[in-house]
Every structure is written in structure tokens, then in C-alpha cells.
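Trainee: got a predicted structure plus its sequence, pasted below:
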Amino acid sequence: MQFFRAIYFKKKYAVLGAAVLAAIGLGAHFLPPVAEYTSAVLTAQTKRELPIYCVQTEEKKVAVSFDAAWGADDTDELLRILDDNDVTATFFLCGYWVDKYPEEVEKIAAAGHDLGNHSATHPHMSTLSSEQITEELQGCHQAVKELTGIDMNLFRPPFGEYNDNVIRTAKANGYDSIQWDVDT
């Protein structure tokens, strides 16, 4: 009787093992499409708008940018250092800074640096409506355009704060939103 019981248990485990392997095989066949579909549905429902943090390239490059929102005492020295090192940077300008320091804006543009929008008044953009965000963007844009003739297309949200509405509204106004990935 022990002999038959051992054979019975071995057959039972063999059948169970084969069933498990079959289930794994079927799961491996059907699960990836189901998981892919489920992931796509969940991602579509929860996709967050993001600014550009960095651009992948094989070249050894770094993008240097400055936010022009406070003083202007160091602008000449900064422009000299950039020029001495053959560096072109992006200056994200606030509209009130443009109004207060128009000569500095002209120097930056004349030196060949890129100009970007940093809003008209440096508010917490994620607390604003789309209409208010548009006013902030257009206020700064018009000040720079009137002074330099340059149409800016890069935007850095003040304080680095953004949400889907900020990114989408900036895009609707012709701006790519830019964020830093290394901060001094």
C-alpha cells in the first residue's frame, strides 16, 4: 500500500506542477498585453504635464540659465565672464525687471544670449487661472518684444512651481516650459 501511495503522491505533484507551468505559460502569453493596456489606461488618466528638465544628447553640453528678477548690479561682470568663456546662456526675464533695467536687457540681447519669459510679476503661477497666466506671459512678452524685437518662446515658472494648467497655458501661448535639473 505504501508503494501505491508514493506513486499516487508523485503523480499528484507531477500533475500539479504541470498545471502550474501551464498557468505560467498562459499568463506569460496573455499578461503582457493586458498589463500594457491597463498601464496605458492608468497613465492616460493620470498623465501629468511636465516642463523640460533636460535634453538627452550624446554631445558633452550643459545649458546655463539665469533668472533676471532681482537686481542688476552684476550683469556686466556676468556678461564678461560668459564672453570670456565663449558661453551662451538663457536669461529668463521678469517683466518688471525689463521695465526697470531696459539697458541691461539690451546688453544681454546684444551679447547674443537667449531671452526667456519668467512672467510679468513673478507670482506663484500654479495658483492662477489660465487667463491670469496668459496675462503674466503676455505682459512680459510684450515688454521684451517692444524693447528688443525678440519673440521669446521659452518660459520658466517663478519659484519652479507649476501644475498641468501652467504648462498647458504656456504651451497655448507658444511657450515651452523649462525647468532646471541642477540648481546652484
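Mentor: Right, received. Where do you want to start?
Trainee: please enumerate the helices of this protein.
Mentor: If DSSP state H is used as the criterion, the helices of the chain fall at 2-46, 75-84, 95-100, 102-110, 130-148, 164-172.
Trainee: check this structure and tell me which residue is nearest its centre.
Mentor: Nearest to the geometric centre of the chain sits Pro51, at 2.2 Å (C-alpha atoms, centre = their mean).
Trainee: state the distance from the residue nearest to it when sequence neighbours are not counted to Val166.
Mentor: Leaving aside its sequence neighbours, Pro51 sits nearest to Ser177 (C-beta to C-beta, 6 or more residues apart in numbering; 3.7 Å). Placement of C-beta: from N, CA and C, glycine included. Distance of Ser177 to Val166, given as C-beta to C-beta, to the nearest Å: 7 Å.
Trainee: now Cys54: closest residue in space, sequence neighbours ignored.
Mentor: With C-beta to C-beta, 6+ apart, the residue lying closest to Cys54 is Asp181, at 4.8 Å.
Trainee: quick check: that neighbour touching Ile52?
Mentor: No: under the criterion of C-beta atoms under 8 Å, Asp181 is not in contact with Ile52, lying 9.5 Å apart.
Trainee: on that earlier part again, state the number of residues packed around the residue nearest to Pro51.
Mentor: Ser177 has 22 neighbouring residues, counting by other C-beta atoms under 10 Å.
Trainee: doesn't Glu161 make contact with it?
Mentor: No: contact criterion C-beta under 8 Å: Ser177 and Glu161 do not qualify, at 11.2 Å.
Trainee: mind listing what's buried in stretch 128-144?
Mentor: Of all the residues in stretch 128-144, those buried under the rule 16 or more other C-beta atoms under 10 Å are Leu128, Ile133, Glu136, Leu137, Gly139, Cys140, His141, Ala143, Val144.
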